[in-house]
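Colleague: below are the sequence and a predicted model for it; my questions follow.
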Amino acid sequence: MTLTSERQIILFKPQGRIDLQGGVALSQQMSEVVPQPDHLWLINLEEVDFMDSSGLVSLVNGLKVARQSGCRLVLCNVQAPVRLVLELTQLDSVFEIISTDEEVIGVSNLMAS
């Protein structure tokens with residue numbers, strides 16, 4: 001899992017599976033970041049090929065923390081198996097999901113202005 005911070009963008013890049021173990025790892029990484037108002041938490045799911053309910057819990061908890069702190073949490077590059085889980089649980093309507101790197105750059109530019 002990779003974590004980078006530039007300007008007001010915090011990038012989380014989990015890899016492989018977001019199951020119990022992966023969900024705990026993602027939650028730990030998110031808890032290590034002190035959320036600041038107007039930060040963008042970007043979770044790049046490009047390298048995630050599986051997510052179960054434990055992964056959903058870590059994403060929902062992250063969204064809750066982000067919103068309480070005035071942050072914006074965005075999912076990007078969501079792969080088909082993960083998108084299916086989000087759609088089946090109707091969480092695709094709760095999360096802001098963007099699909100392309102160009103959209104990521106657009107979100108970054110919005111945060112900078």
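Modeller: That came through, no problem.

Colleague: now do the same end-to-end measure for stretch 25-38.
Modeller: One end of stretch 25-38 to the other measures 24 Å (Cα to Cα, to the nearest Å).

Colleague: my bad, stretch 83-93
Modeller: With Cα to Cα applied, stretch 83-93 spans 11 Å between its terminal residues.

Colleague: now swap in stretch 9-23 and tell me
Modeller: So stretch 9-23: terminal residues 21 Å apart, Cα to Cα.

Colleague: quick one: low-confidence parts of the protein?
Modeller: The model of the chain has pLDDT under 70 over residues 1-7, 100-113.

Colleague: which parts of it are strands?
Modeller: Secondary structure of the chain (DSSP state E): strands at 2-6, 9-13, 15-18, 40-44, 47-51, 72-76, 96-98.

Colleague: quick one: closest of the ones you listed to N61.
Modeller: strand 72-76 (10.6 Å; Cβ to Cβ). Where C-beta positions appear, they are placed from N, C-alpha and C, glycine not excepted.

Colleague: mind listing the strands the closest one pairs with, and their directions?
Modeller: With DSSP bridges as the test, strand 72-76 is paired with strand 40-44 (parallel), strand 96-98 (parallel).

Colleague: distance to L75 and mean neighbour count for these - can I get that in CSV?
Modeller: Shown next, in CSV, are the strands paired with strand 72-76 (distance: least, Cβ to Cβ, whole Å; neighbours: other Cβ atoms under 10 Å):
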stretch, distance to L75, mean neighbour count
strand 40-44, 5, 22
strand 96-98, 5, 15
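
Colleague: got those strands as a markdown table, with distance to Q29 columns?
Modeller: Formatted as a markdown table, those follow (distance: least, Cβ to Cβ, whole Å):
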| stretch | distance to Q29 |
| --- | --- |
| strand 40-44 | 10 |
| strand 96-98 | 19 |
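
Colleague: need the residue closest to the centroid of the chain.
Modeller: I43 (2.8 Å; Cα atoms, centre = their mean).
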